[in-house]
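K.L.:
could you look at this predicted model? Sequence included:
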Amino acid sequence: MTVWTRSAAGPNAPTPPPPEGAPFALIDKGVHGLVLHALNDAARASGLARGQAHADACAMVPHLVSLPADLEADRQALERLALWAERFSPAVAADVLIGGYEGLFLDMTGGAHLFGGEAALLADLRRRLARAGVPAALAIADTPAAAWALARFSGQAESIAPAGRTREALAPLPVEGLRLEPKALSLLKRFGLKTIGDLYPLPRAGLARRFRGEMGFRVVERLDQALGSLPEPLDPVRPPPLYRVWVPFAEPVGDVGGVAFHLPRLAEALAASLARNGHGARRLRLTGFRVDGRSTAIEASLSAPAATSAHILRLLKEKGLEHLDLGFGLDALMLAAEKAEPLDARAVRLDEAVRTASPDALAALIDRLQAKLGDAAVRRPRLAEGWTPERSEVWEGAGPDPAPALERDDDRLRPILIFDAPEPVAAIAELPDGAPARFVWRRAARRIVRAEGPERLSPEWWRERAGGPGRTRDYYRVEDEEGRRYWLFREGLYGREDADTPPAWWIAGVFA
């Protein structure tokens, strides 16, 4: 409901908001028809509840205003909020919608002291969320399941379960805090088990036998996850970076110069963290957290692992700090190595000339070119397995290491320049199946004085084509009157392949 309310208040709202104080609900498709998905306070005060049939709700409250729910917008809004929450934790997971409750899990293990302690952390979170118009109930506990239950059923806006006392903190809470299906909750209450503490004395095996099928195991699993007996891995909206450093600002930083001032310190801290573990960054991300709750970032890829602060700093500046959208200012700045690889030890000669041409220098040059021109702008050719010449090489991203060589089992002469796609030529041969005597390519006529061939390549019968497997090719190495050498081929054999279509001549490459 909060997502819809914020979007309806905007200038481009798709529908006008309901009258102030009127019962309002968002509806969605249920198993047996439309049901209430979210309600405002007036609708709840009228006795309506989430999951109730829309027809029954309209019968109870005839003046109920309802509109379709946009679940995709809810999901996107929750993910944006999760990205905003990365200023507090590198691992933030979006909570699945259960019983009308949505939220976020923040893994704050070992990090609360950075914000003045757990109480100060919750107070800061609540103040920032309230400023953005997002109502929230907050809790800290030893396990994600316990924090989920405390935030929703403790009756307090901020709850903290002391370390090691999760069992006592959860005991008075209702069984709804275990995130169970409605059918399981109904059976628990039928057995007189209304609070989480009522489940503690029961043996696990006996508790599981009270339910049919997997429902009993689910109850035991949820209870053990809440108490910490079973782990509950979280799925962050964005995988946490391997290496991450950040700096908060007492006052918002509103210009690129301020970012450039703090960037060297971040680069040195990140490089030191990488070097301690013998790793180098392969992909960098500089993220600025804005005062309006949004974030802005630039990314840079490296062709080889690097762990030097000067190279990191130069690469980010080449990428362009001016591309950061600072809005009304930044609260914090984070530099992360989202991908890192081990650094390979290299033996370096003392010769200055050799040292300046080292792989590290080449990698730095490639990184700077990619930062200015784009990651796909710097490439190199590499030999590949291919039957036809135009498929015998591919282009890949440039790197400091030489491209792996491909062993050839023959000594056939190939031109240095092979066209990605052969170009058509008009050729004349003295004999139908002989070498060409002259040809026209790119509107220029050339007379051939020497020719060598043919080299015959059969069609690729294993490739599926619309017109069949293709036709046989006869390749010739030819030289014109001016000494220029070309690689031509005739596609098709006279009278033996596709008699309705005469053979065609193509130029496949040019010799140096």
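P.N.:
Nice, thanks for sending it over.
K.L.:
drop to CA atoms for contacts and neighbour counts, all remaining ones
P.N.:
Will do.
K.L.:
which SS state does Asp142 fall under?
P.N.:
Under DSSP: H, G, I helix; E, B strand; the rest coil, the three-state class of Asp142 is coil.
K.L.:
actually, Ser303.
P.N.:
strand.
K.L.:
contacting residues for Val35?
P.N.:
Val35 is in contact with 27-29, 50-54, counting by C-alpha atoms under 8 Å, 6 or more residues apart in numbering.
K.L.:
apologies, that question was intended for Trp246.
P.N.:
Taking C-alpha under 8 Å, 6+ apart as the definition, contacts of Trp246 comprise 266, 332-335.
K.L.:
Leu302 now?
P.N.:
Contacts of Leu302 by C-alpha under 8 Å, 6+ apart are 281-283, 363, 367.
K.L.:
report the separation between it and Leu365.
P.N.:
Leu302 sits 10 Å away from Leu365, taking C-alpha to C-alpha, to the nearest Å as the criterion.
K.L.:
hmm, back to that, among the contacts of Leu302, which lie within helices?
P.N.:
Residues of those located in helices (DSSP state H): 363, 367.
K.L.:
closest to Leu413 among the contacts of Leu302?
P.N.:
Ala363 (32.5 Å; C-alpha to C-alpha).
K.L.:
run a quick neighbour tally on the closest one.
P.N.:
20 (other C-alpha atoms under 10 Å).
K.L.:
tell me how the chain divides into domains.
P.N.:
Listed domain ranges for the chain are 2-69, 73-227, 248-342, 417-510 (source: automatic domain parsing).
K.L.:
so which of these is the most packed in?
P.N.:
Mean neighbour count (mean count of other C-alpha atoms under 10 Å) peaks for domain 248-342 among the domains of the chain, with a mean of 19.
K.L.:
now do the same end-to-end measure for that one.
P.N.:
Termini of domain 248-342 sit 29 Å apart (C-alpha to C-alpha).
K.L.:
off-centre distance for that domain?
P.N.:
A distance of 18 Å separates the centroid of the chain from that of domain 248-342, by C-alpha atoms, centre = their mean, to the nearest Å.
K.L.:
same check, this time on stretch 230-237
P.N.:
For stretch 230-237, the distance to the chain centre is 18 Å (C-alpha atoms, centre = their mean).
K.L.:
where does the stretch 301-450 of the chain dip in pLDDT?
P.N.:
Low-confidence segments of the stretch 301-450 of the chain, defined by pLDDT under 70, span residues 345-360, 362, 375, 399-412.
K.L.:
if we can go back for a sec, what two of the contacts of Val35 are the furthest from one another?
P.N.:
Among the contacts of Val35, Lys29 and Arg50 lie farthest apart (C-alpha to C-alpha), at 12.4 Å.
K.L.:
most centrally placed residue in the protein?
P.N.:
Compute the mean C-alpha point of the chain, and by C-alpha atoms, centre = their mean the closest residue is Arg238, 6.8 Å away.
K.L.:
residues in contact with that residue?
P.N.:
83, 91-92 are the contacts of Arg238 under C-alpha under 8 Å, 6+ apart.
K.L.:
is Leu321 in contact with Phe261, as I believe?
P.N.:
No - applying C-alpha atoms under 8 Å, one finds Leu321 not in contact with Phe261, separated by 11.4 Å.
K.L.:
can you name the farthest residue from the center of the protein?
P.N.:
Outermost residue of the chain (C-alpha atoms, centre = their mean): Glu430, 60.5 Å.
K.L.:
what about that residue, distance to Pro503?
P.N.:
15 Å.
K.L.:
do Asp28 as well
P.N.:
Distance from Asp28 to Pro503, by C-alpha to C-alpha: 64 Å.
K.L.:
do Glu481 as well
P.N.:
Distance, Glu481 to Pro503, using C-alpha to C-alpha: 25 Å.
K.L.:
do Ser89 as well
P.N.:
Distance from Ser89 to Pro503, counting by C-alpha to C-alpha: 67 Å.
K.L.:
report the secondary structure state of the residue nearest to Arg209 when sequence neighbours are not counted.
P.N.:
In space, and not counting its chain neighbours, Arg209 is closest to Gly216: 6.4 Å by C-alpha to C-alpha, 6 or more residues apart in numbering. In three-state terms, and counting by three-state DSSP, Gly216 is helix.
K.L.:
would you list every one of the helices in this protein?
P.N.:
Under DSSP H, the chain gives helices at 2-8, 41-45, 54-60, 71-84, 118-131, 144-153, 166-170, 182-190, 204-209, 215-227, 256-276, 309-319, 352-356, 359-373.
K.L.:
okay, those helices in CSV with distance to Gly397 next?
P.N.:
Formatted as CSV, the helices of the chain follow (distance: least, C-alpha to C-alpha, whole Å):
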stretch, distance to Gly397
helix 2-8, 42
helix 41-45, 57
helix 54-60, 57
helix 71-84, 30
helix 118-131, 43
helix 144-153, 42
helix 166-170, 52
helix 182-190, 53
helix 204-209, 56
helix 215-227, 46
helix 256-276, 24
helix 309-319, 17
helix 352-356, 22
helix 359-373, 10
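K.L.:
closest to Gly293 out of these?
P.N.:
Nearest of the helices of the chain (C-alpha to C-alpha): helix 71-84, 6.0 Å.
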